[in-house]
Structure formats: structure tokens, C-alpha cells
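Asker: coordinates only, sequence not included:
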């Protein structure tokens, strides 16, 4: 292991932190533009200033247009927001479920993801991928009554799917033609072999899923 030595050189004015910092010698209150002081960041002037900062960052960092820049609170809240944007996906998320320190999320991008918050870090993996199955968009989903080993999916086409989360994410799933219209919700009865579905066709069904 390479030994890292403590730097001997120190800044002439080591007054900096994430909070109030030492001002440069040329600073004065008169130079502050107070036009936006007290205005909400959701106001037109606030949005304009934020966009200006984002444009400057993109130019300085030479980021391509495919990369998005976000300005969030400099705290755990902001860090969590950024993590959720990354892990939840680009399309609407229709359901969330906790299992211990693991957060499951998924929706219309037809993926169900598992984000593990144990150990101080965040690790996210896809546990169910419906892209190759005989169903369309994932409208809703839930974990099985036995816990996170089973994922039940409700689809816009009226299909109901069962995925064994211990199998590869793209493994072939059991598909049932459950309703004539979109399956809006699915719920598994804890510690029992029953799954309920509701649909835009106006019907509520309870399924005996013993196999």
C-alpha cells in the first residue's frame, strides 16, 4: 500500500467550508445583485438564474447534451434525491416496496429495481425485466406474499405476470390473461397464496396462486 503523507503547505487563509466562507479582498455588499433576494427558486427569475448556473457548469465541464445537470440542497436530502433520480428510471414509477434495507421500485419502463442501502452505500440492480415477455408496459407490481423472492406484475394489456426474483432478470415469466383492459393494481396477501388484481374493466379479481 502506498503511504500518503500529510501535506505540509497550508493556504494563507484557510477559512473555507460548506457554509459561510471568507470573502475575496475585492468583495463588498454593494456588488451584490439583490434583484432575486427573497424570491422563490420556482419563480421565473429563480429558474432563470438556476438555468444560467447550469449552462455555465456545462460549458466549464464540457458536458455533452446527453448529460443532465441538477442543482439540489447540499445535504443528505439532496444526495438522496440524486440517487433516486438515477435508480428509479426515466419513466413514471408506479410502486415502491421496502424489505429491510432494500427498496424495490418499478413502473412504466418495465423494470423492477432493487436498491440496497445496507452498509452505508447504495447499490442498485434490476431484478425483473419484462422487455422480452409477451406483455407490454408494467402498470403496477408488488412483492409476493412470501417476500422479495416473487414479483407480481400488472400490465397495460390486461396481463398478470409472476417472476421468480432468484432467477435472472430476463428469465421467462408466467403470464396470465387476467383482464380485458389495463390491470391497474396488484396486491399479494402476506403469508398466503392469494393475489388480487383490479382493472380498468371495472373488475376486481382474487387469484389462488398455489402451484
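Answerer: Everything's here; your move. Predicted model, so just to flag it, every value in this text is computed and none were measured.
Asker: Now find how far off-centre the lengthiest strand in the chain is within its chain.
Answerer: Scanning the chain for the longest strand, with DSSP state E as the assignment, gives strand 147-155. With C-alpha atoms, centre = their mean, to the nearest Å as the basis, strand 147-155 stands 18 Å off its chain's centre.
Asker: Show residues contacting it.
Answerer: Contacts to strand 147-155, defined as C-beta atoms under 8 Å, 6 or more residues apart in numbering, come from residues 99, 102, 104, 112, 114, 127-128, 130, 135-144, 159-166, 173, 178, 182-186, 188, 195, 197. Where C-beta positions appear, they are placed from N, C-alpha and C, glycine not excepted.
Asker: Could you identify the helix or strand that succeeds that strand?
Answerer: Downstream of strand 147-155, the first helix or strand assigned by DSSP states H and E is strand 159-164.
Asker: angle of that following strand against strand 147-155?
Answerer: 160 degrees (axes from the mean of the first three to the mean of the last three C-alpha atoms, to 10 degrees).
Asker: Check which helices and strands strand 159-164 sits against.
Answerer: In terms of contacts (3 or more C-beta pairs under 8 Å, 6 or more residues apart in numbering; DSSP states H and E), strand 159-164 is packed against strand 147-155, strand 174-177, strand 183-188.
Asker: pLDDT averaged over that strand - what is it?
Answerer: Average pLDDT, strand 159-164: 92.
Asker: can you check stretch 59-67 too?
Answerer: Mean predicted lDDT for stretch 59-67 stands at 83.
Asker: thinking again about what came up before, what does the average pLDDT come to for the longest strand of the chain?
Answerer: Across strand 147-155, pLDDT averages out at 90.
Asker: Given the host helix or strand of residue 94, what are its sheet partners and their directions?
Answerer: In this structure, residue 94 sits in strand 93-99 according to DSSP H and E. When pairing is defined by DSSP bridges, strand 93-99 lines up against strand 102-107 (antiparallel).
Asker: Lowest-scoring secondary structure element of this protein by mean pLDDT?
Answerer: Least confident helix or strand of the chain, by mean pLDDT, DSSP states H and E, is helix 76-88 with a mean of 67.
Asker: ok so, going back, give the buried subset of the contacts of strand 147-155 as a ChimeraX selection command.
Answerer: Buried residues within these, by 16 or more other C-beta atoms under 10 Å, are selected in ChimeraX with:
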select :104,112,114,127,128,130,135,137,138,139,140,141,142,143,144,159,160,161,162,163,165,173,178,182,183,184,185,186,188,195,197
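Asker: what's the spacing between the lengthiest helix in the chain and its chain's center?
Answerer: The residue-count maximum for a helix in the chain (DSSP state H) belongs to helix 44-61. Mean-position distance between helix 44-61 and its chain equals 24 Å (C-alpha atoms, centre = their mean).
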